[in-house]
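>>> Fold the following.
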Amino acid sequence: NYHDGIPADHTKASFQELGILTIHSIIVKNALLLLHKIKYMPSTLPKSIVELIPDNIPSYGSNFEDNTDWLSIYNQPLFRKSVFYKGPILAITKENIENITSPPSLFSANIYKKEAKRTLLKLQSGGEGDEWPNFLLYNLPGLRTSTRLRIRD
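I've put the predicted structure just below:
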């Protein structure tokens, strides 16, 4: 709720206490779930949905040079804010690979959804006081990283 043009500053604690995802986190969760199902459970989706995401999407550990064909199509203004671009990038984030995807989740969408919600609640609860953190949806890591950063990780 806005009052006199000032956003409410007490909502973050309520979201955390009640275990409610923000709209941004719901969008991320749904994009992650879609990509997870396409990759690990394609038989649960209609063929037309599976075919929406091409086979040459970025994979964990890949870089800009490995994905030039995919980027030449999807890293354009038309796609940059869509699930066609953000979905594959979200799917290879450290948060997804290390905190959400697990061996049991490869066979159960419900396990994956629960882990995604738990991780996203933790991420959105981060930061100080009532200041919301940068949402993963708008703070996507790119495929370009310096050699120094690749060596460090």
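>>> which ones are touching the residue sitting nearest the centre point of the chain?
Compute the mean C-alpha point of the chain, and by Cα atoms, centre = their mean the closest residue is residue 90, 3.4 Å away. Residues in contact with residue 90 (Cβ atoms under 8 Å, 6 or more residues apart in numbering) are 28, 31-32, 35, 96, 136-137, 140. Quick note: C-beta positions are derived from backbone N, CA and C, even for glycine.
>>> try it again with 6 Å
31-32 (Cβ atoms under 6 Å, 6 or more residues apart in numbering).
>>> tell me the secondary structure for it?
Here residue 90 is recorded as helix under DSSP: H, G, I helix; E, B strand; the rest coil.
>>> any idea how far residue 64 is from it?
When distance is defined by Cβ to Cβ, to the nearest Å, residue 90 is 17 Å away from residue 64.
>>> repeat for residue 91
With the distance defined as Cβ to Cβ, residue 91 ends up 17 Å from residue 64.
>>> How about residue 38?
Look at residue 38 and residue 64: by Cβ to Cβ, they are 23 Å apart.
>>> Over to residue 54?
17 Å.
>>> before we move on, back to that, the more surrounded of residue 91 and residue 64?
For the pair residue 91 and residue 64, the greater number of neighbours falls to residue 91 (23 against 13), based on other Cβ atoms under 10 Å.
>>> which residues touch stretch 23-37?
Residues from elsewhere that reach stretch 23-37 (Cβ under 6 Å, 6+ apart): 44-45, 83, 87, 90-91, 96, 112, 116, 120, 124, 135-137.
>>> For these, give me CSV that also has secondary structure and pLDDT.
As requested, these are arranged in CSV below (DSSP: H, G, I helix; E, B strand; the rest coil; pLDDT from 0 to 100):
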residue, secondary structure, pLDDT
44, helix, 95
45, coil, 96
83, helix, 91
87, helix, 91
90, helix, 90
91, helix, 91
96, helix, 89
112, helix, 96
116, helix, 95
120, helix, 93
124, helix, 89
135, coil, 72
136, coil, 71
137, coil, 70
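>>> That'll do, ta.
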